[in-house]
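Novice: Sequence first, then the predicted structure, then my questions.
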Amino acid sequence: MKLAFCLFRYFPFGGLQRDFLRIANICLARGHSVEVYTWDWEGAMPDELNVIFIPVRGLTNHRRRESFSKKVGESLAEKHYDAVVGFNKMPYLDVYFAADTCYVERSLKRSVFYRMTKRCRSNLLLERAVFDRQSKTEILAISNYEKSLYMKHYGTDEKRFHYLPPGIAKDRIAPPNADEIRSDLRRELKIGDDDNIVLMVGTDYKRKGVDRAIRAMASLPHDLYKKTYLLTVGKDKIRPFQRLARRLNVTDRIRFLGGREDVPRFLVASDILLHPAYEENTGTVLIEALASHLPVLVTEVCGYSFHIERAGAGEIIPAPFEQEALNEQLAFMLTSEKKAQWRKNAREYVANNDVFSLSEKAADIIEQVAAC
């Protein structure tokens, strides 16, 4: 089959981008051809993919998205594909991988003036192109909560949603030499074996709640603070968060490590995964933490937080969020006698539940749509 994959930008450390590449590689392995439409690609480019760069116009992101969608539509009209698969919201899609949160729901939480902006109207039009009740786009859903929002706002036919299980890489499973990896990484970072590492992983620091994490670190009792480090792994602008850390006098215990290819090492070397996101469609890193037997402290709004609750592998900060609740739970988890039980529960949950096959199931549905 001849498939077109569309996404605005590719960069190696984004969860959406990793899912895109895994699904594309599975389709290639099954003998299909995959042409990728994008306006920017950062990092290594697989030889098997035919990447088509679309020049876009516009000084703002929403103008560039509009330009991209229009030009992709023009290109698609000249070619025949068995299926067009989108990883961002736009027209012309046969299949959409629903990794983003519901924009109309988010916009309703903003002021009426925001909803009148060109940015908001543009984003809503792109979202409507996928989810409107008249649209024929099949939707690969990874969050039941977000699915309910789309159905509420757009009247989307539930039959168009195809739920996917999580899809983490097998290298996230804690290896037999996890203790050795833990010691080696801590030695590299000059962090003692008895010190606590609180880990955050992900791009978009603002949305992931890095500010909340910094405030929680500043709230720790002095003795606990002095033996605890917050490590952030992921690519984003760090200056606003460095300023916050300086203002709260916690720069000595917070390290911004940027995008890394060795995330599995950090997962097995840490004591807690902290994910106090403001919003999160899923949160694949939560499942990766379970596979690494790493206890998790996460906000309830994250789509995959229910896995942590089901597994009994950490603590959930309820909505609406309160900073004091996060502060208390972080101190509790760092000193709790439940650490070993949380790790055991995480290991057993991953062993007894499907947390790996997202990409394979997505490729199955793409094939079904392309065959129609």
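Specialist: Here it is on my side, so go on.

Novice: Could I get the contacting residues of residue 94?
Specialist: Residues near residue 94 by Cβ atoms under 8 Å, 6 or more residues apart in numbering: 83-85, 136-138, 369-370. C-betas here are computed from N, CA, C, even on glycine.

Novice: Also residue 216?
Specialist: So residue 216 contacts 274, 276, 323, 326-327, 330 (Cβ under 8 Å, 6+ apart).

Novice: ok, now how distant is it from residue 76?
Specialist: 47 Å (Cβ to Cβ, to the nearest Å).

Novice: What of residue 295?
Specialist: Per Cβ to Cβ, residue 295 is found 46 Å from residue 76.

Novice: now residue 203
Specialist: 29 Å.

Novice: When residue 295 and residue 76 are compared, which one has more neighbours?
Specialist: Using other Cβ atoms under 10 Å as the criterion, residue 295 and residue 76 rank with residue 295 on top: 27 against 17.

Novice: Around the closest residue to that one other than its chain neighbours, how many other residues sit close by?
Specialist: What sits nearest to residue 295 in space, not counting adjacent residues and going by Cβ to Cβ, 6 or more residues apart in numbering, is residue 342, at 3.9 Å. Look at residue 342: counted by other Cβ under 10 Å, it has 23 neighbours.

Novice: Return the residues in contact with residue 342.
Specialist: 295, 312-314 are the contacts of residue 342 under Cβ under 8 Å, 6+ apart.

Novice: The helix or strand where it lies: what's the following helix or strand?
Specialist: Using DSSP states H and E, residue 342 sits in helix 339-352. Using DSSP H and E, the next helix or strand after helix 339-352 towards the C-terminus is helix 358-371.

Novice: if we look at that following helix, which residues are touching it?
Specialist: Outside helix 358-371, the residues within contact range by Cβ under 8 Å, 6+ apart are 1, 3, 19, 22-23, 25-27, 30, 32, 82-83, 85, 94-95, 97, 138, 140, 142, 162, 164-167.

Novice: Now that helix - C-alpha only, PDB.
Specialist: Only the C-alpha atoms of helix 358-371 are listed here, as PDB (Å, rounded to 0.1, in the frame of the first residue of the first chain):
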ATOM      1  CA  LEU A 358       0.200   0.800  20.300                       C
ATOM      2  CA  SER A 359       2.200   1.000  17.100                       C
ATOM      3  CA  GLU A 360       1.200  -2.500  15.900                       C
ATOM      4  CA  LYS A 361      -2.500  -1.800  16.600                       C
ATOM      5  CA  ALA A 362      -2.300   1.500  14.800                       C
ATOM      6  CA  ALA A 363      -0.700   0.000  11.800                       C
ATOM      7  CA  ASP A 364      -3.500  -2.700  11.700                       C
ATOM      8  CA  ILE A 365      -6.200   0.000  11.600                       C
ATOM      9  CA  ILE A 366      -4.400   2.000   9.000                       C
ATOM     10  CA  GLU A 367      -4.200  -1.100   6.800                       C
ATOM     11  CA  GLN A 368      -8.000  -1.700   7.300                       C
ATOM     12  CA  VAL A 369      -8.800   1.900   6.300                       C
ATOM     13  CA  ALA A 370      -6.500   1.800   3.300                       C
ATOM     14  CA  ALA A 371      -8.100  -1.500   2.100                       C
END
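
Novice: Tell me the helices and strands packed up against the strand or helix carrying residue 308.
Specialist: Using DSSP H and E, residue 308 sits within helix 305-311. The contact analysis (3 or more Cβ pairs under 8 Å, 6 or more residues apart in numbering; DSSP states H and E) places helix 305-311 against helix 284-291, strand 296-299, strand 314-317, helix 339-352.

Novice: for the lengthiest helix in the chain, packing partners?
Specialist: For the chain, the longest helix by residue count, based on DSSP state H, is helix 61-78. Contact analysis of helix 61-78 by 3+ Cβ pairs under 8 Å, 6+ apart lists strand 33-38, helix 118-131 as its packing neighbours.

Novice: And the next helix or strand past it?
Specialist: Following helix 61-78 in sequence, per DSSP H and E, is strand 83-86.

Novice: Serialize the helices and strands packed on helix 61-78 to a markdown table and add fields for distance to residue 53.
Specialist: A markdown table is the format used below for these (distance: least, Cβ to Cβ, whole Å):
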| stretch | distance to residue 53 |
| --- | --- |
| strand 33-38 | 7 |
| helix 118-131 | 20 |
